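Novice: Coordinates for the following, if possible.
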Amino acid sequence: MKQRLLILALTLSVCVTRAQSFIAVLEETDMVVIFGQPCIVNLADGRELTGRLTSASLINGYLDRFTIKNEAGEKLKLEPEDVIRLSVKASATAKISMAATSAASIKAMSNRDFNEIKNREYIIFETAMRHNKAGKIRLMQLLNPGFDSKIKVFANPNAQKTSGLSVSGIRVTGGEDRSFLLVRGEEKAMMVRKISYRKEFEEIFGDCPAMLKQFEGDKIMWDDLAGHVFVYDASCK
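Specialist: Take a look at the predicted model:
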């Protein structure tokens, strides 16, 4: 009963204000806004490196090899297979892009919610198993930092988007994603599409009966995907 009440309260919050949203997806032309920014690299062997990101490239939407300069001034070249997480502090330009795109995609937002998105400090790339038969591990941009303990949402490199407005190469409005990659624990990434989201909803959230009861039929909206992930993260085991 308590779980249902919590889900209901969170549902109302999501429906009224779209309280949580995914951050904007960085594209190849956007990478320049994070060059020179402080970064933290968590390596597969357990070590942690700090420094500034000096170069990196996105290949087909995946983060390829990148270089950081540590506090001693040494340049370190890193391969994706050596890294489990790269966190790059967002520049002012990146923060504006993240906030504006998120605000446009969720239609409405209170001042508090806008500030919450605007103040997210890092753009994060993590390793996840890609959605294909080979199951190759790749570094992908995490889109739901802060409510990713159960489901991690990544940009789908092959996703089609609606057209949006770009300023100096940074998308600031529109750009609605039509598919994402979702990862639960160590499972292989699941591709979730706008066109089939209602059918996939039970597969994604089926282990939380109260949530299935709260969201059903026409109540399952693609625009609320971020809210659904947030509710699941906050209230489902």
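
Novice: all strands in the chain, in order from the N-terminus.
Specialist: Taking DSSP state E to define them, one finds strands in the chain at 38-43, 48-59, 62-70, 75-78, 83-89, 122-129, 137-141, 151-155, 164-167, 170-174, 179-184, 190-193.

Novice: Would you tell me which of the ones you listed gets closest to Ala210?
Specialist: Nearest to Ala210, of all the strands of the chain, is strand 151-155, at 16.4 Å by Cβ to Cβ. For every residue, glycine as well, the C-beta is placed using N, CA and C.

Novice: Tell me which other helices or strands that closest one touches.
Specialist: Where contact means 3 or more Cβ pairs under 8 Å, 6 or more residues apart in numbering; DSSP states H and E, strand 151-155 is packed against strand 122-129, strand 137-141, strand 179-184, helix 225-235.

Novice: any idea of the mean pLDDT in that strand?
Specialist: Summarised as a single mean, pLDDT over strand 151-155 is 89.

Novice: okay, it in PDB with CA atoms only?
Specialist: Written as PDB, here are the backbone C-alpha positions of strand 151-155 (Å, rounded to 0.1, in the frame of the first residue of the first chain):
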ATOM      1  CA  ILE A 151      18.100   1.400 -15.200                       C
ATOM      2  CA  LYS A 152      20.800   3.300 -17.200                       C
ATOM      3  CA  VAL A 153      19.600   5.100 -20.200                       C
ATOM      4  CA  PHE A 154      22.000   5.700 -23.100                       C
ATOM      5  CA  ALA A 155      21.700   7.500 -26.400                       C
END
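
Novice: what's next to that strand, contact-wise?
Specialist: 22, 25, 61, 126, 128, 140-144, 177, 180-184, 189, 204, 226, 229, 232-233 (Cβ atoms under 8 Å, 6 or more residues apart in numbering).
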